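Mind looking at a prediction? Sequence and model below.
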Amino acid sequence: MSLRLSHLIGGDARSASDGGWLEVFDPATGGVYAHCPAGTAHDVDAAVAAAREAFPAWSALPAAERAAWMNRLADALEARLEDFAAAESRDVGKPLALARSLDIPRAASNLRFFAAAATQFASESHAGPGVVNYTLRQPLGVVACISPWNLPLYLFTWKFAPALAAGNCVVGKPSEVTPVTAWMLGELARDIGFPAGVLNIVQGRGAEVGQALVDHPDVKAVSFTGSTAVGTHIAEGCARSLKKVSLELGGKNPTLVFADAPREKLLDTVQRSAFLNSGQICLCGSRLLVERSIYDGFRDELVTRARAMVVGDPADAATQVGPVVSKAHFDKVMGCIQLARAEGGRVLCGGEPVRPEGRCADGWFIAPTLIEGLGPACRTNTEEIFGPVLTLQPFDTDQEALALANAAPYGLSASIWTTDLRRAHRLAAAIEAGVVWVNTWMNRDLRTPFGGVKQSGIGREGGWEAMRFFTEAKNVTIDL
Ligand code: NAD
């Protein structure tokens with residue numbers, strides 16, 4: 001019997017109704033191992049109604065009590081870390097060690113971080129001659145949090161934790177491709193008696209559940225992380241009903257390596273930034289720009305390292321690269337590699353599926369792939385691939401590096417490697433991206449603003465930015 005998931009609506013587990021069931025695949029084996037309810041607009045109506053009902057009491061709780069509930073959920077999650085890590089690894093195909101060290105601990109940190117934020121979020125006041133102003137930050141009501149498949153629980157909690165902390169009630173919609181850990185978290189919330197209706201989770205397809213949330217008149221805001229195509233569609237829907245919307249979308253992030261780059265950690269980090277989670281992280285550096293004087297040596301070392309990476313069973317401790325998430329995504333990434341060849345790119349390593357022996361023989365594995373010989377304007381260097389594929393381009397000057405970095409239509413993150421501080425500051429200011437790292441990558445402080453420019457989205461998450469998004473400012477002026 002395969003695992004049967006459920007929705008969490010008004011504190012109850014609800015089975016599939018009229019929508020039936022969706023198959024959930026194990027990407028490492030290609031087999032179906034679970035079924036997820038295909039939610040409908042009726043399920044969304046029920047969840048929104050439950051959230052509306054819960055809102056007055058939840059928003060009236062003292063912030064410290066909301067924080068206490070969120071910390072209790074984090075405690076319960078941490079107590080089951082191994083189960084959640086195993087489930088995330090199976091659902092996404094990510095190495096178990098990664099789910100254990102990154103995804104699940106970060107999901108717990110998200111809950112704790114925003115629990116603390118709830119207790120520190122304060123209203124501003126502005127005293128003027130003869131008047132005093134104070135600004136209330138009031139929760140919006142019912143909000144929707146729609147998340148993708150690449151970091152399922154990590155991103156789901158990142159979205160709903162600030163919403164709850166600010167006093168809203170949430171209807172969450174995890175990706176139908178990786179629904180398991182959100183379902184498990186819903187079960188945990190029920191087990192610890194989390195107030196009914198405050199956090200609701202409706203499983204199912206984006207075009208049905210997600211769309212119904214975007215269209216629902218009682219949903220006041222939509223926080224979305226996913227592809228630029230879907231994000232654009234959601235923005236249109238939110239514009240029609242004037243909902244607040246936050247969009248964290250795709251990336252095509254440049255990594256700039258100068259000849260004076262600090263060598264310590266450089267290759268390890270560049271390799272990690274390209275291939276972590278099989279390259280399926282919005283922050284992955286997918287375009288490597290290297291100063292020409294060190295280009296050949298750097299490329300050759302990276303090729304040697306990429307060839308040596310262990311691709312295989314995510315449950316195996318030695319595995320560095322698991323499968324990509326689905327057959328559809330496997331076909332997409334392989335199609336991108338084919339396109340790169342057709343555009344004249346030289347595949348330096350990888351470029352092929354990998355067929356591990358044993359239980360993973362039918363999984364969706366792709367060898368770490370490096371491609372050179374393509375200019376900045378081709379589709380390979382402008383479209384998001386979201387797989388274990390890295391392109392390399394040489395540059396001669398800072399100006400050229402900057403032009404290459406900014407040539408893509410996306411602008412999520414960039415990483416710059418140099419020991420020249422003035423250059424680092426100049427480039428950091430000039431690069432079109434919401435997040436810039438110097439001599440590091442994916443180094444995150446949850447207080448900092450997070451988000452992208454250009455096709456990578458609108459709005460910022462993290463710290464006070466998220467708390468502001470999930471509240472409405474109301475200014476009160478008193479004549480003294
Ligand atoms: P996706 O856009 O296909 O789906 C994301 C979510 O939206 C899913 O839950 C999906 O069911 C839902 N959805 C689909 N159609 C919808 C609709 N019409 N209305 C409402 N919801 C709908 O993205 P994905 O394939 O799950 O995730 C990969 C993408 O996410 C990549 O482009 C990646 O760069 C991006 N991403 C961005 C960030 C970031 O912080 N900027 C983080 C992670 C992933």
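Looks like it came in fine.

Spell out the secondary structure type for Ala86.
Of the three states, Ala86 takes helix under DSSP: H, G, I helix; E, B strand; the rest coil.

Leu96 is in contact with that one, correct?
Yes - the pair Ala86 / Leu96 is scored as a contact, 6.5 Å apart, by C-beta atoms under 8 Å. C-beta coordinates here come from the backbone N, C-alpha and C atoms, glycine included.

Could you check which of those two is surrounded by more residues?
Leu96 (20 against 17; other C-beta atoms under 10 Å).

Pull up the overlap in contacts between Ala86 and Leu96.
Both Ala86 and Leu96 are in contact with Ala315, where contact means C-beta atoms under 8 Å, 6 or more residues apart in numbering.

any idea which helix or strand carries Cys282?
Taking DSSP states H and E as the definition, Cys282 sits outside all helices and strands.

give me phi/psi at the residue nearest to it when sequence neighbours are not counted?
Nearest non-adjacent residue to Cys282, counting by C-beta to C-beta, 6 or more residues apart in numbering: Gly251, 4.8 Å away. Gly251 adopts backbone torsions of phi -150, psi 160, taken as degrees, to the nearest 10.

Report all helices and strands that the longest helix anywhere in the chain contacts.
Ranked by number of residues, the top helix in the chain under DSSP state H is helix 41-60. Counting by 3 or more C-beta pairs under 8 Å, 6 or more residues apart in numbering; DSSP states H and E, the packing neighbours recorded for helix 41-60 are strand 7-9, strand 142-146, strand 169-173, strand 199-201, helix 211-215.

Which of the three states applies to the most centrally placed residue in the chain?
With distances taken as C-alpha atoms, centre = their mean, Leu155 lies nearest the centre of the chain, 4.8 Å away. For Leu155, the assignment made with three-state DSSP gives helix.

circling back to that earlier point, and the average pLDDT for the longest helix of the chain is what?
Across helix 41-60, the average pLDDT comes to 98.

Output the contacting helices and strands for the very next helix or strand once past it.
Using DSSP H and E, the helix or strand that follows helix 41-60 in sequence is helix 63-79. Contacts defined by 3+ C-beta pairs under 8 Å, 6+ apart place helix 63-79 against helix 104-120, helix 152-165, helix 180-191.

what residues does helix 63-79 touch?
Contacts for helix 63-79 (C-beta under 8 Å, 6+ apart): 58, 84, 104-105, 107-109, 111-112, 114-116, 118-119, 121, 161, 164-165, 167, 185, 188-189, 191-192, 194-195, 198.

Show me just the buried residues among those residues.
Applying 16 or more other C-beta atoms under 10 Å to the contacts of helix 63-79, the neighbour count classes 58, 84, 104-105, 107-109, 111-112, 114-115, 118, 121, 161, 164-165, 167, 185, 188-189, 194-195, 198 as buried.

Report the buried residues of the strand or helix carrying Cys36.
Secondary-structure assignment from DSSP H and E places Cys36 in strand 31-37. Going by neighbour count (16+ other C-beta under 10 Å), the buried part of strand 31-37 is Ala34, His35, Cys36, Pro37.

these two touch, right, the third one and Thr178?
No - with contacts defined as C-beta under 8 Å, Cys36 does not count as touching Thr178, sitting 9.5 Å away.

between the two, what contacts are shared?
With C-beta under 8 Å, 6+ apart, Cys36 and Thr178 have common neighbours Val24.

Could you identify the helix or strand that succeeds the helix or strand containing Leu339?
Per DSSP H and E: Leu339 is located in helix 327-342. Reading on from helix 327-342 to the C-terminus, the next helix or strand found by DSSP H and E is strand 346-349.

What helices and strands are in contact with the helix or strand just after that following strand?
Later in the chain than strand 346-349, the nearest helix or strand by DSSP H and E is strand 353-354. Applying 3+ C-beta pairs under 8 Å, 6+ apart, we find strand 353-354 packed against strand 365-366.

Following the strand it packs on in sequence, what is the next regular element?
Sequence order places strand 369-372 as the next helix or strand after strand 365-366, per DSSP H and E.
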